[in-house]
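[1] Build me a model:
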Amino acid sequence: MSRKRKLALIAGGIAILLLVLALSLRVALQPERVTRLILDQTGRALGLEITASGIGEYRLRGTPMLVVRGVVAREPGAAVPLLRAERIHLSLPWSTLRARGADLTVKRIELDAPILDLPALQHWLSTRTPGEDRIPTLTDGLRVTRGTLKNANWSIDGIDVGLPKLAPDQPVNAQVRGRYLDPPRRITFAVAVALSRPARNAGLAIVGPVTVHSDDWSLPARIKLSGHLRISGDNWQMIPARLAMNARYRSTSTEIPFALGLSGPLQFENAIWSWTPVGVALRGKERVPDLDAYGALALGLELVVELDGNIPAWPEAWPTLPPPLSASTSRLAFDLRYRGNADLSAVAALRLQRDATRFEGRLRFFDVSKWINTRQPASPLPPLDGVLTTPTMEIAGAQLEDVEIIFDDPAVPAIEPTP
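    Here you go, the predicted model:
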């Protein structure tokens with residue numbers, strides 16, 4: 001065989017080999033294959049099964065970029081995914097890829113319509129080894145649109161998050177909006193969030209408008225919540241936490257402005273927010289009394305209120321007390337206990353004392369509020385269930401002594417005797 005023929009055969013073989021290699025690379029580097037490879041590797045690193053049903057995109061030139069659609073992430077064998085998303089965009093530098101997890105620097109993350117299942121997420125987090133929850137660096141930030149957080153009894157939808165950048169040891173600022181749903185109650189919010197640094201034990205501040213909606217009333221407010229944030233697994237603490245709120249209660253017949261302040265350690269654990277112990281300061285206008293109290297608050301499947309405090313002066317807009325009660329300038333001490341629906345529709349237990357006058361009974365907040373705010377109520381007595389005792393009372397010019405008044409409100413169910 002001639003030299004030229006041999007060279008031609010070699011050249012032809014190389015060309016065929018290169019063509020086969022090129023075709024193989026083209027098949028191997030098809031978006032769906034690249035997507036599957038990356039998701040498999042990511043899933044193994046996180047202990048998750050991650051799949052994508054949509055057509056993926058990737059770019060290797062410049063800063064590598066990956067777009068996946070129809071993403072589902074779950075623990076192996078789990079019936080409920082911890083995450084679903086219409087689209088996830090991930091852009092990260094070559095240095096991060098070469099580091100294979102040692103470097104968590106990412107350029108940008110975008111999530112469209114993510115649905116995060118909180119119980120599934122908490123279960124997965126409980127399986128992680130301590131120290132695996134490192135905070136990444138996002139040089140070009142994070143964007144979340146139309147997000148949803150689902151829990152067994154409540155959810156947050158319409159979540160939009162704008163985070164310009166993120167670094168473990170640098171101040172962080174973000175804009176967050178959404179709608180908390182726990183029928184018939186819903187809470188809309190659009191707040192600014194600031195962290196002194198996202199690492200643990202960071203200073204946190206949340207500022208912005210929050211509105212509580214119910215079927216027949218609303219409570220628009222502007223809040224400022226600040227404190228020292230501590231995170232350990234699914235346990236969140238702010239010690240101390242301070243809340244300042246200017247609000248306005250609105251219904252079809254009334255509008256009541258007030259200001260509320262809370263201070264004390266705030267904790268979130270097992271889907272329950274608890275503020276124990278907590279100091280409470282309420283400052284009102286007209287029909288809302290000024291009061292100071294101390295006790296405990298908790299919100300989970302139900303609202304729990306346990307407060308002891310005092311009201312410095314009887315509000316002028318409230319119905320006038322009969323003499324000699326009306327002449328007293330003593331503080332009105334109270335003991336309030338409530339456990340029930342978060343919309344305050346359940347029955348509360350209340351004890352009051354001013355000088356030698358005492359009341360012990362039960363009530364529904366909104367029935368009493370409606371009675372106070374009605375100019376000509378149907379009954380001269382408030383809708384209470386209980387007993388008031390006082391040494392003396394003057395009614396229509398008559399002086400009464402050792403007075404006992406029994407209130408019997410049919411709307412307040414009787415207490416069943418303990419067996």
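[2] Surely residue 369 forms part of a strand?
    No. Using DSSP: H, G, I helix; E, B strand; the rest coil, the secondary structure at residue 369 is helix, not a strand.
[3] Report the buried residues of the helix or strand containing residue 400.
    In this assignment (DSSP states H and E), residue 400 forms part of strand 398-407. Buried residues in strand 398-407, counted by 16 or more other Cβ atoms under 10 Å: residue 407. Where C-beta positions appear, they are placed from N, C-alpha and C, glycine not excepted.
[4] chain center to that strand, what's the gap?
    Distance, stretch centre to chain centre, for strand 398-407: 48 Å (Cα atoms, centre = their mean, to the nearest Å).
[5] For it, the averaged confidence score.
    In this model, strand 398-407 has an average pLDDT of 88.
[6] Give the other helices and strands that that strand contacts.
    Packing partners of strand 398-407 (3 or more Cβ pairs under 8 Å, 6 or more residues apart in numbering; DSSP states H and E): strand 384-395.
[7] Just the buried residues of the strand it packs on, please?
    Those would be 384, 385, 386, 388, 390, 393, for strand 384-395 by 16+ other Cβ under 10 Å.
[8] what does it rub up against?
    Identification of contacts with strand 384-395 by Cβ atoms under 8 Å, 6 or more residues apart in numbering yields 322-325, 350, 356-363, 368, 399-409, 412.
[9] care to break this structure down by domain?
    The chain breaks down into these domains under automatic domain parsing: 29-153+162-168, 302-419.
[10] mind listing the strands in the stretch 251-400 of the chain by residue range?
    Assigned by DSSP state E, counting those that start in this stretch, the strands in the stretch 251-400 of the chain fall at 255-269, 272-284, 291-299, 303-311, 332-340, 348-354, 357-363, 384-395, 398-407.
[11] Bridged to residue 337, which residues?
    Beta bridges link residue 337 to residue 306, residue 349, judged by DSSP bridges.
[12] How about residue 404?
    residue 389.
[13] dump the residue contacts of it.
    Counting by Cβ under 8 Å, 6+ apart, residue 404 makes contact with 387, 388, 389.
[14] what pLDDT does the first one get?
    Looking at residue 387, its pLDDT stands at 93.
[15] go on, residue 217?
    80.
[16] okay but it is in contact with residue 249, surely?
    Yes. With contact defined as Cβ atoms under 8 Å, residue 217 reaches residue 249; the gap is 6.7 Å.
[17] all strands for the stretch 51-200 of the chain, in order.
    Ranges of strands in the stretch 51-200 of the chain, per DSSP E, counting those that start in this stretch, are 57-59, 65-74, 83-91, 105-106, 108-112, 115-117, 137-138, 142-150, 155-163, 172-182, 185-195.
[18] List just the one of those that sits closest to residue 300.
    Shortest distance between residue 300 and the strands of the stretch 51-200 of the chain, using Cβ to Cβ, is found for strand 172-182: 10.6 Å.
[19] Now do that closest one: which elements does it pack against?
    In terms of contacts (3+ Cβ pairs under 8 Å, 6+ apart), strand 172-182 is packed against strand 155-163, strand 185-195.
[20] Listing partners with orientation, what would you give for the longest one?
    Read it as strand 185-195. In the sheet, strand 185-195 lines up against strand 172-182 (antiparallel), strand 202-213 (antiparallel) (DSSP bridges).
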